[in-house]
Each structure stands twice: as C-alpha cells, then as structure tokens.
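>>> predicted structure and sequence below. I'll ask about it afterward.
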Protein chains: 2
Amino acid sequence: MTADRHLTEHTLSREELLKGHFLHVVRESVRLPDGGTATREYILHPGAVAIVPFTDDGRIVLERQYRHPTRRVIVEIPAGKLDPGESPLVCGQRELLEETGYVAREWAHAFTMYPTVAYSDEAIQIWFARGLTLKQAQLDHGEFLEVFTATPQEYLAWCRDGTIVDSKTLAAAAWIQNVLHGTWKLDWQALP
Amino acid sequence: MTADRHLTEHTLSREELLKGHFLHVVRESVRLPDGGTATREYILHPGAVAIVPFTDDGRIVLERQYRHPTRRVIVEIPAGKLDPGESPLVCGQRELLEETGYVAREWAHAFTMYPTVAYSDEAIQIWFARGLTLKQAQLDHGEFLEVFTATPQEYLAWCRDGTIVDSKTLAAAAWIQNVLHGTWKLDWQALP
C-alpha cells in the first residue's frame, strides 16, 4: 500500500542459509524505507492449520505433547502443517483425524495468526469444528501424544494460571470465550 | 516428570546448523519414548518480553511495523528480545521506552507463551503496564514503526475481524478482556 511506504521494506536479493531435514532458512537483503539496506533472516514455512474441536457435550479436544525445543510437555489444540497444494480445510480434517481420531461434520474458520512475525513466514489458520465422531488416530512415526478433553471453563482457567503456554492455544481463548457467549459469530459449513 | 516418561524425549547429541547474523539453529538427535531416535531442528532464542501498556484514559499503546517475513505491516503490542543477563521487567521497561517513548510506573506479569513450540525455544513474557508518561522513543538503526493507541473494544474487534494477526497480540486479548471485566486479577507492582 502506498500509505505504508514509510514502513515497507523491499527485497533486493535472497540467499539460502539452511536446508535442514525440517527447517528452511533464507537471508534477504532489503531496502529500508529511508533508502538504507539491512539483512533479514527467516524461516520459510508451508503454513499450518489448528483446530478447536467441540464434542457434542461441549468439551474441547486437546493434546499433551512433548515439544523438544521447550523441554516440556505442552497442552495444545490439534494442529499440523499444510501438505503441498492442500487446502486448509482438508488439512484440518486430516490432522484432526491423524492426531485425535476424530472426524468433524461442521467446520468454521475463526482467525489466522502469524506465530513469529520476526523470523518465520508461517501463518496458522485456526478453525472450529463440531459434530465429532470418534474413529482411529493415525500418528506419524516418532509422534507421541495424549488426547484428552476439557470444558471451556477449564481451558480458560489454564490460560490464566499458566498451564497453557502455546501461542495458538492461548490465542484461541478469546475466540472460545466470545463465541460461547454469542458475541462473536462463526460461519459454520457442513461437510457433504 | 516420571508421569510423562511415555511422552518425553532425551537429547543424545547437538550439532550447530546455522549461526547467522540473527538466527541460531541447532539439530539434536533425541531418544524417543519408545527407545527409537529422531532428529529435531530448532532455533535457540534468548527470550522476549511484550507489553500491554494502558494510558491513563484506558487506551492501549500499539505499534504498526512492517515485518518482512510476512510481507505485511503488522499491528503489535510493543516487544523485544532480552539482552544477556537482563531481567524481564528491565527488558520490558527498556523496550517500551525505546519503541514507544513511554515510561510506566506500575507493572504486572500476566502470562508467558511459546510462539512456536515446534521449532524455537523462544518464550515471551507478557506484562501489563500502567501509569504511563510520554518521553522520547529511541528506535534502533533500521527500525521503522508507528505508535498509536486503541480502545480495548477496538483491540478486541480487530482480533475478531483479522486486523490483528500477530500471536502475542492475539494471545493478550483474553487477558485484556478478562482483566477489564474484573474476572482475572493482575498482581501490580509499583516501580521505586
């Protein structure tokens, strides 16, 4: 936007810094708003989908998973990376089934968030899901996690008391609270 | 915790993958809960502090900043990385002054979040601040941002309508809403 010309940076060149098994890092030279130059390093990421799944009795499906960088077991909503060419809704259905064993009949996109604007281009779409049926989880090799459910009241209490520390799970709290209070609306779509 | 032995991974070895100007990436070989091995790649980060600053008339101080990985101008609460050995409260005061020009008399730790549990050890402490006095911002070289204020109602509406997409700023929404409603309490400390 021309209105943001005083803030916007323009890419001059890109260099590959790392192509790991999992992480892809680039360094770019950028033109600053004042005409100077600077370097920016960040992770290229395919994007992800996270799901807030509600059971028919109003409980939220959550996971406990050891996350090695944090050296902790983390409470999270189910989530996973987009496969190449995959639509977010298909990704959400696939990850929900693979990780928790649930299939959901109705889906609604709530919001999109960037977890780390400073050093990753990852965007996570957060969807709500309901009308759940329990099938069979299909965890990836080397993936270990526990699935459990909590009431929205427990979920919010855990955001307050530090039990929940994961950004996507914390960010969903305002949505859960306001959707349940009827002040924020979701646009539900039923799957065929 | 012994209770989480069925989830926990143990580091076997570490390899430096990248030491860039800004990003530090390691690869670790880990022992999985079932005795197998896997590799984990992630960013080593010093940690950060973000601030929800309230003016005396109840408005929240925000920033608009171009974030190159996202190719967008992002609306954010003020934040910055911990300097070596720096306490989070001192970091919060320093970043608030440098980026916005404000000094705050009272501070309260609200919550801590991991923006990207899968590939960074970054933890962000989020503090509320009040009793603001406007001094002079001192932006770093190559840092361009706009400071503005919004009502809590505007802030929450922007979390709903997609204007706010930054994870720490979204995660603070539930805290802002519930602290203002008096249902969540903060433990304020006045600076000497």
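Right, received. Where do you want to start?
>>> all helices of chain A, in order?
Along chain A, counting by DSSP state H, helices occupy A:88-100, A:152-161, A:167-180.
>>> looking at these, which is buried most?
helix A:167-180 (a mean of 24; mean count of other Cβ atoms under 10 Å in any protein chain shown). Backbone N, C-alpha and C define where each C-beta goes, glycine included.
>>> for chain B, see how far away the most far-flung residue of chain A relative to its centre is.
Farthest-out residue of chain A from its mean C-alpha position, per Cα atoms, centre = their mean: A:G35, at 35.2 Å. The gap separating A:G35 from chain B is 12 Å, by Cβ to the nearest Cβ, to the nearest Å.
>>> that residue and B:G142, how far apart?
12 Å (Cβ to Cβ, to the nearest Å).
>>> so where's chain A shaky on pLDDT?
Within chain A, the segments meeting pLDDT under 70 span A:1-2.
>>> quick one: the strands in it?
Under the criterion DSSP state E, strands of chain A are mapped to A:10-19, A:24-31, A:37-43, A:48-53, A:60-67, A:72-76, A:79-81, A:102-113, A:124-134, A:145-150, A:189-190.
>>> and stretch A:108-118, how far out from the chain's middle?
How far stretch A:108-118 lies from its chain's middle: 7 Å, per Cα atoms, centre = their mean, to the nearest Å.
>>> buried residues in that stretch?
A:109-111, A:113-118 (16 or more other Cβ atoms under 10 Å in any protein chain shown).
>>> can you narrow these to ones near chain B?
Among the buried residues of stretch A:108-118, the residues lying close to chain B (Cβ under 8 Å from any Cβ of the partner chain) are A:111, A:113-118.
>>> count of neighbours near the closest residue to A:K168 other than its chain neighbours?
Nearest residue to A:K168 in three dimensions, chain neighbours excluded: A:A50, at 4.7 Å (Cβ to Cβ, 6 or more residues apart in numbering or on different chains). By other Cβ atoms under 10 Å in any protein chain shown, the residues close to A:A50 number 24.
>>> next: A:V25.
A:V25 has 23 nearby residues by other Cβ under 10 Å.
>>> swap in the one 4 residues further on?
Neighbourhood size, A:S29 [other Cβ under 10 Å]: 14.
>>> dump the residue contacts of A:G92.
By Cβ atoms under 8 Å, 6 or more residues apart in numbering or on different chains, the contact set of A:G92 is A:49, A:51, A:107, A:125, A:127, A:129.
>>> nearest to chain B, of these?
A:Q125 (10.7 Å; Cβ to the nearest Cβ).
>>> about what we covered before: got the contact list for the residue nearest to A:K168?
The contact partners of A:A50, taken as Cβ under 8 Å, 6+ apart, are A:76-79, A:124-127, A:168-169, A:172.
>>> what's near enough to touch A:E98?
Counting by Cβ under 8 Å, 6+ apart, the residues that A:E98 touches are A:80, A:137-140.
>>> including neighbour count, could the contacts of A:G92 go into a markdown table?
Shown next, in a markdown table, are the contacts of A:G92 (neighbours: other Cβ atoms under 10 Å in any protein chain shown):
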| residue | neighbour count |
| --- | --- |
| A:V49 | 28 |
| A:I51 | 29 |
| A:W107 | 23 |
| A:Q125 | 20 |
| A:W127 | 23 |
| A:A129 | 24 |
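>>> save these as JSON lines, and put in distance to A:T151 too.
Shown next, in JSON lines, are those (distance: Cβ to Cβ, whole Å):
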{"residue": "A:V49", "distance to A:T151": "24"}
{"residue": "A:I51", "distance to A:T151": "17"}
{"residue": "A:W107", "distance to A:T151": "21"}
{"residue": "A:Q125", "distance to A:T151": "25"}
{"residue": "A:W127", "distance to A:T151": "20"}
{"residue": "A:A129", "distance to A:T151": "17"}
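>>> quick check, nearest of those to A:H6?
Comparing those against A:H6 with Cβ to Cβ picks out A:Q125 as the nearest, at 30.3 Å.
>>> for the closest one, give me its contacts.
By Cβ under 8 Å, 6+ apart, the residues touching A:Q125 are A:47-50, A:88, A:92, A:109, A:111-112.
>>> can you put these in CSV and add distance to A:T100?
Below are the contacts of A:Q125 laid out as CSV (distance: Cβ to Cβ, whole Å):
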residue, distance to A:T100
A:G47, 20
A:A48, 16
A:V49, 13
A:A50, 12
A:P88, 17
A:G92, 12
A:H109, 19
A:F111, 21
A:T112, 22
